[in-house]
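Visitor: Sharing a model prediction with you, sequence too.
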Amino acid sequence: MATHYKDKKVAILGLGVEGLSTAIFLKEQSAVVTILDQKTEDQIDPSLLQEAKGLGTSFLFGKEYLAHLTAYDLIVRSPGISSFLPEIQAAKEKGVEITSQTKLFFDLCPCRIVGVTGSKGKGTTATLIYEMLKASGLDAYLGGNIGTPPLQFLEKLTKASVVVLELSSYQLEDLTKSPHIAVLLMIVPDHLDYHGGMSEYVEAKRNILRFQTKEDFAVVNRDYLPTHESDLYTDGQVYYVTRERSSVEQGTFIKDNAIWIQMKGTEWKIIDTDKIALLGKHNWENAAAAAMAATLAGATKSDIFEVLKTFEGLEHRLEFVREVQGVRYYDDSIATNPESTIAAIHSFEDPKILILGGVTEGSDFTELGKVISEDLQVKAIIGIGKEWPTLKQEIAKGEELRARSGEPIILLEGAKDMQTVVAAAAKIAVEGDVVLLSPACKSFDMFKSYKDRGEQFKKAVNDLQ
């Protein structure tokens, strides 16, 4: 391996966690590494910058960071930097090799890979699969878009290991190999500004299936049209996941309030839905997909059951924060599109105070407005961010329904920070209510990221007296 990269001039695009781990790996292989980032040096995370400087790499920061790509033998892009940028394509035409950490890992990994993608639920599903495999005694690793960048554990892997990767559309867009077990969850509009439209976004997702052989497996959610039609893009053995149907020829489904598997002519129950620790019916899809993939990878029925019974979810995903004077607070900051917020609303039958708004990439809030209007348990909404006026318009369309019920929705707006938002929610909440941060929008107008938004929410809730 070292001879392949020795003395090669490598440009790594983006100094984030993944970019740094790529630099460490390639320096160990005796490559000549330069890190390029469009941020200025003072905008870079100081801890990442310090570690990168300790490697003896070169740097190029600022707007012109892509100006001299033809000077390198290999370009490794980080997620979020499109492989289709004109400068990158021009370098490719000149013979420069273009890759990513994901592509490098697929080329070098000695063992089976379970890949998981989808617009929502991929982090939860990937973690469930990893926990199921680990519980069954397999030498399992979790990485990709969640957890550890996979090059960091490459040297630990043997042929008997199993790697579970959460894969975003950014990581999949130029992939030329597919996982042994590919899991394709729900696909709804997301990252459309990056991909240039829904068609390109779906095509990127389908790369998780596109290069499979008949020896591989595809676990495909059939309840969403873009996903269901994706089975045409794989030569692998297809197993369907459905919440809407009570049976499938091969795969997992919901029947008699339980998750079942149908496989090779045999049907068995995995778990009753009321025993699943994860909140929300939408998580039945994730649980079913994880159970199917883990079964194909060698996990036992009993270990799959135990994980589903005890795993309560990831941070910022319908995460229970605290109960204050009988009011429960939940952080669902990961909900950056309307479909995720609809799922969160359906997860609670209690009276709800919603926190909605932020920025969007042209999302359609029609269905969300309808769901809110029809759910008479939504008692109040605290609107924030640039997109709140659009959300408010959609909610207003259901005022007639609300007028008939005699319970109009309380709308609060104008809060400029999370502390004020949470204080407003606490003021109107009574015992038995749920306060739910599930914004249906991205965070970048008021917060650094969905994680920052969720952290600020949790801090404000924990500061309540």
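Guide: Perfect, thanks for sending it. Numbering: from 1, shown residues only.
Visitor: which residues touch V32?
Guide: D7, K8, K9, V10 (CB atoms under 8 Å, 6 or more residues apart in numbering). Using the backbone N, CA and C atoms, a C-beta is placed for each residue, glycine as well.
Visitor: okay, the residues you listed in JSON lines with distance to S169, pLDDT and neighbour count next?
Guide: Listed next are these as JSON lines, based on distance: CB to CB, whole Å; pLDDT from 0 to 100; neighbours: other CB atoms under 10 Å:
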{"residue": "D7", "distance to S169": "34", "pLDDT": "92", "neighbour count": "9"}
{"residue": "K8", "distance to S169": "28", "pLDDT": "94", "neighbour count": "16"}
{"residue": "K9", "distance to S169": "29", "pLDDT": "96", "neighbour count": "15"}
{"residue": "V10", "distance to S169": "24", "pLDDT": "97", "neighbour count": "23"}
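Visitor: Please convert the residues you listed to a markdown table, extending it with distance to G143 and secondary structure.
Guide: Listed next are these as a markdown table, based on distance: CB to CB, whole Å; DSSP: H, G, I helix; E, B strand; the rest coil:
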| residue | distance to G143 | secondary structure |
| --- | --- | --- |
| D7 | 28 | coil |
| K8 | 24 | coil |
| K9 | 27 | strand |
| V10 | 21 | strand |
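Visitor: which one of these is nearest I24?
Guide: V10 (12.3 Å; CB to CB).
Visitor: Does that closest one touch L69 like I think?
Guide: No - judged on CB atoms under 8 Å, V10 makes no contact with L69 at a distance of 11.4 Å.
Visitor: which residues do those two both contact?
Guide: Common neighbours of V10 and L69 (CB under 8 Å, 6+ apart) are I75.
Visitor: Which segments of the protein make up each domain?
Guide: 7-100, 109-310, 319-462 (automatic domain parsing).
Visitor: Just the endpoints, please. Distance across the shortest one?
Guide: The reference is to domain 7-100. Terminal residues of domain 7-100 lie 19 Å apart, using CA to CA, to the nearest Å.
Visitor: again, but for stretch 149-165
Guide: 9 Å.
Visitor: so for it, what's the average pLDDT?
Guide: Mean pLDDT, stretch 149-165: 96.
Visitor: same question, stretch 422-432
Guide: 96.
Visitor: Just the CA trace of it, in PDB.
Guide: Provided in PDB are the C-alpha atoms of stretch 422-432 (Å, rounded to 0.1, in the frame of the first residue of the first chain):
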ATOM      1  CA  VAL A 422     -37.500  27.800  25.600                       C
ATOM      2  CA  ALA A 423     -38.600  30.400  28.200                       C
ATOM      3  CA  ALA A 424     -41.700  31.200  26.000                       C
ATOM      4  CA  ALA A 425     -42.500  27.500  25.700                       C
ATOM      5  CA  ALA A 426     -42.100  26.900  29.500                       C
ATOM      6  CA  LYS A 427     -44.400  29.900  30.200                       C
ATOM      7  CA  ILE A 428     -47.400  28.400  28.300                       C
ATOM      8  CA  ALA A 429     -46.800  24.700  28.900                       C
ATOM      9  CA  VAL A 430     -48.800  22.800  31.600                       C
ATOM     10  CA  GLU A 431     -48.400  19.400  33.100                       C
ATOM     11  CA  GLY A 432     -48.700  16.600  30.500                       C
END
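Visitor: quick check, distance from it to the centre of its chain.
Guide: 30 Å (CA atoms, centre = their mean, to the nearest Å).
Visitor: What segments of the stretch 301-450 of the chain are strands?
Guide: According to DSSP state E, counting those that start in this stretch, the stretch 301-450 of the chain carries its strands in the segments 319-324, 327-331, 352-356, 378-383, 410-413, 434-437.
Visitor: which outside residues touch the third one?
Guide: Residues from elsewhere that reach strand 352-356, judged by CB under 8 Å, 6+ apart: 341, 345, 372, 375, 377-384, 388, 391, 421, 425, 428-429, 433-441, 457.
Visitor: low pLDDT regions in this protein?
Guide: Low-confidence segments of the chain, defined by pLDDT under 70: 1-3, 189-197, 398-406.
Visitor: top helix in it by residue count?
Guide: In the chain, assigned by DSSP state H, the helix with the most residues is helix 282-297.
Visitor: Report the distance from stretch 137-149 to the chain centre.
Guide: With CA atoms, centre = their mean, you get 15 Å for stretch 137-149.
Visitor: That stretch: which residues count as buried?
Guide: L138, A140, Y141, L142, G143, G144, N145, I146, G147, P149 (16 or more other CB atoms under 10 Å).
Visitor: ok, of those residues, which one's closest to F84?
Guide: Nearest member of those to F84, counting by CB to CB, is N145, at 19.6 Å.
Visitor: residues near the nearest residue to that closest one once chain neighbours are set aside, how many?
Guide: In space, and not counting its chain neighbours, N145 is closest to E166: 4.2 Å by CB to CB, 6 or more residues apart in numbering. The number of residues packed near E166 is 24, by other CB atoms under 10 Å.
Visitor: try P389
Guide: 11.
Visitor: quick one: contacts for it?
Guide: Taking CB under 8 Å, 6+ apart, one finds nothing in contact with P389.
Visitor: do you know how far it is from N145?
Guide: 32 Å (CB to CB, to the nearest Å).
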